[in-house]
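[1] how would this look folded up:
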Amino acid sequence: MIEAEFWDYGDTDEFAEAVAGDIGFIVESAIDARDAALLALPTDAPAAVLDKLAKAKLPWKKVAVIATDDLPVAVDNPTSRARALAQRFLPLGARVVPFGTPNSDLAMAGNAADARLQELPWPPDLVWLTVGPAGEVAGLADSRDLQNALDAPKARRAVGLTPNHGEPRVTLTRAALLSARTILITADGEERKELLEGAIADGQSSKLPIGRLLAEAEQPIDIHWTA
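    Residues are numbered from 1 along each chain as shown. Sure thing, here's the model as predicted:
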């Protein structure tokens, strides 16, 4: 059974303050324990939360940031998700580690991404997830390749995936996502909350990528939601 707790907020500012506060605590705790923090973040994270984080006085020089998924493009490509994170976090002093490479062979792009991530201290202190309208999460979306990402061995950190709808991407595997010390989900709107509640209730039988991901989670999941 998925152990998940919803935290509901009355307005965007309260929501952003709480989520940024939790992330700040995770960063400080990781640095106190290991003198470093590794965060896996979504590039569609709520701007209000990122704005709060930017104002937080955290030891960013000891923080490494990766995207939960990226496109197989160079980091200077405008569509690069690592580039978007770098625009946010490099000015704070954090290190942003790209793993997308411009390779039309998606299997090779996945191998290159995995090799890059193998260089990082693992596991992440935080995996922050957002959920799409079809239950897609990180780079996990309905695809003929989805099962490969879900069933990849624990040592594998990234694979290539071609969604049924959308662009090819490289994504953290289910094992890599669930290895995190903390998993945090943010969502907004009644429709997204109902989707998450349904996926959690269905557990192993869920047909949604988010449900199939969380069904294997061993740690409790915090879901921060605002209308």
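
[2] who's in contact with the residue lying closest to residue 36 once chain neighbours are set aside?
    Across the structure, with Cβ to Cβ, 6 or more residues apart in numbering as the measure, the residue nearest residue 36 apart from its sequence neighbours is residue 62 (5.2 Å). No exception for glycine: its C-beta is placed from N, CA and C like everyone else's. For residue 62, the set of contacting residues under the criterion of Cβ atoms under 8 Å, 6 or more residues apart in numbering consists of 31, 35-37.

[3] residue 62 and residue 153: what is the separation?
    Residue 62 sits 30 Å away from residue 153, taking Cβ to Cβ, to the nearest Å as the criterion.

[4] do the same with residue 13
    Taken as Cβ to Cβ, the spacing of residue 13 relative to residue 153 amounts to 42 Å.

[5] who has more neighbours out of these two?
    A count of neighbours by other Cβ atoms under 10 Å puts residue 13 above the other of residue 13 and residue 153, at 12 against 7.

[6] that one - nearest residue in space that isn't next to it in sequence?
    For residue 13, the nearest residue in space outside its immediate sequence neighbours is residue 48; the separation is 7.0 Å by Cβ to Cβ, 6+ apart.

[7] am I right that that neighbour sits in a strand?
    No - looking at residue 48 with DSSP: H, G, I helix; E, B strand; the rest coil, it is helix, so not inside a strand.

[8] surely it touches residue 14?
    No - taking contact to mean Cβ atoms under 8 Å, the distance of 10.1 Å between residue 48 and residue 14 leaves them out of contact.

[9] between these two, which one's more packed in?
    Set side by side, residue 48 and residue 14 show more neighbours around residue 48, with 16 against 12, by other Cβ under 10 Å.

[10] which ones are touching the more buried one?
    Residue 48 sits next to 12-13, 15-16 when contact means Cβ under 8 Å, 6+ apart.

[11] pull out the buried residues from the residues you listed.
    Among those, those scoring as buried are 15-16 (criterion: 16 or more other Cβ atoms under 10 Å).

[12] tell me the one of the contacts of residue 48 nearest residue 205?
    residue 15 (30.6 Å; Cβ to Cβ).

[13] how near is the closest one to residue 83?
    Taking Cβ to Cβ, one finds residue 15 at 26 Å from residue 83.

[14] mind checking the SS state of residue 223?
    Following three-state DSSP, we place residue 223 in the strand state.

[15] partner residues bridging it?
    Bridge pairing for residue 223 (DSSP bridges) gives the partners residue 6, residue 185.

[16] now for it, how many residues are close by?
    22.

[17] my guess is residue 109 contacts residue 103. True?
    Yes - in this structure, residue 109 is within contact of residue 103 by Cβ under 8 Å, at 4.1 Å.

[18] I am finished for the moment; much appreciated.
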